[in-house]
Every structure is written in structure tokens, then in C-alpha cells.
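In: predicted model and sequence follow; I will ask about them next.
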Amino acid sequence: MNIIKISVFFSLISFSLVIKANEPLLPYCFIGDIGEVTETQAKVAKALESSDCMDIWIPGDIIYPDGLSSSKDPQFNEKFLIPFSGVLNKKSVFSLF
């Protein structure tokens, strides 16, 4: 089972690396486990703000320690929207998993 998963993963990577020379590159960035407001999180947000990333994938937690309690939980603003406001203002796409 693990061999199949690994094979599929590498097949997807190989497929995604086929790029035509005359097509513009659309940079993707991956960050994870950003669920606390820290100095490191601020550095990551600043780096993303000055990057060319058009699509930012977050396959980890965005709120520590237990996620959001509701759709109105203030932690979403405090731990995600405010720290990453500069990136969000660039209109980059965030994909949360």
C-alpha cells in the first residue's frame, strides 16, 4: 500500500514538473503549522509578502492549540488574518487543508 502511495506521489510530482519553455511560471509556496503568533511566523509572512507566490498551500494547522471553536472565533483574525494581511492584500490564493 505504501509503495502505491509513493508511486502515485512521485508520478504527480513528475507530471507537475513538465513545463513548456514559453509558458510563464506561476510560483507555488507551501507553509505549514502556522497556528501561533511568533517571530518565526512574522518572518514567514514577510517573506511571502515579498515573494512571487501566486498560490500558497497550507497543509498544516492554522490555529493552535485546538482549532477554531466557531465561525466567529477571534483566533482566526488574531492568528491568521492579521499576521498574513500583507500577503492577503496581494491577492495571493491561500489553499487550506
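Out: Here it is on my side, so go on.

In: how about the helices in this structure?
Out: Assigned by DSSP state H, the helices in the chain fall at 2-16, 39-49, 75-76, 85-89.

In: which residues does the nearest residue to residue 30 once chain neighbours are set aside bridge with?
Out: In this structure, residue 30 finds its nearest non-sequential neighbour in residue 57, 4.8 Å apart by C-beta to C-beta, 6 or more residues apart in numbering. To be clear about C-beta, it is placed using only N, CA and C from the backbone, and glycine gets the same treatment. According to DSSP bridges, the residues that bridge with residue 57 are residue 30, residue 95.

In: quick check: residue 57 touching residue 27?
Out: No - here residue 57 lies out of contact with residue 27, judged by C-beta atoms under 8 Å, at a distance of 11.5 Å.

In: please identify which of the two sits among more neighbours.
Out: Shown here are residue 57 and residue 27; by other C-beta atoms under 10 Å, residue 57 has more neighbours (16 against 11).

In: now do the contacts for that one.
Out: 28, 29, 30, 31, 95, 97 (C-beta atoms under 8 Å, 6 or more residues apart in numbering).

In: of the residues you listed, closest to residue 52?
Out: residue 29 (9.0 Å; C-beta to C-beta).

In: what number of residues lie near residue 86?
Out: Going by other C-beta under 10 Å, the residues that sit close to residue 86 add up to 12.

In: for it, give its distance to residue 66.
Out: 27 Å (C-beta to C-beta, to the nearest Å).

In: I'd like to know which of the contacts of residue 57 are buried.
Out: 29, 31 (16 or more other C-beta atoms under 10 Å).

In: tabulate the contacts of residue 57 in a markdown table, adding columns for distance to residue 50 and pLDDT.
Out: Shown next, in a markdown table, are those (distance: C-beta to C-beta, whole Å; pLDDT from 0 to 100):
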| residue | distance to residue 50 | pLDDT |
| --- | --- | --- |
| 28 | 16 | 84 |
| 29 | 12 | 86 |
| 30 | 17 | 87 |
| 31 | 14 | 86 |
| 95 | 20 | 78 |
| 97 | 24 | 66 |
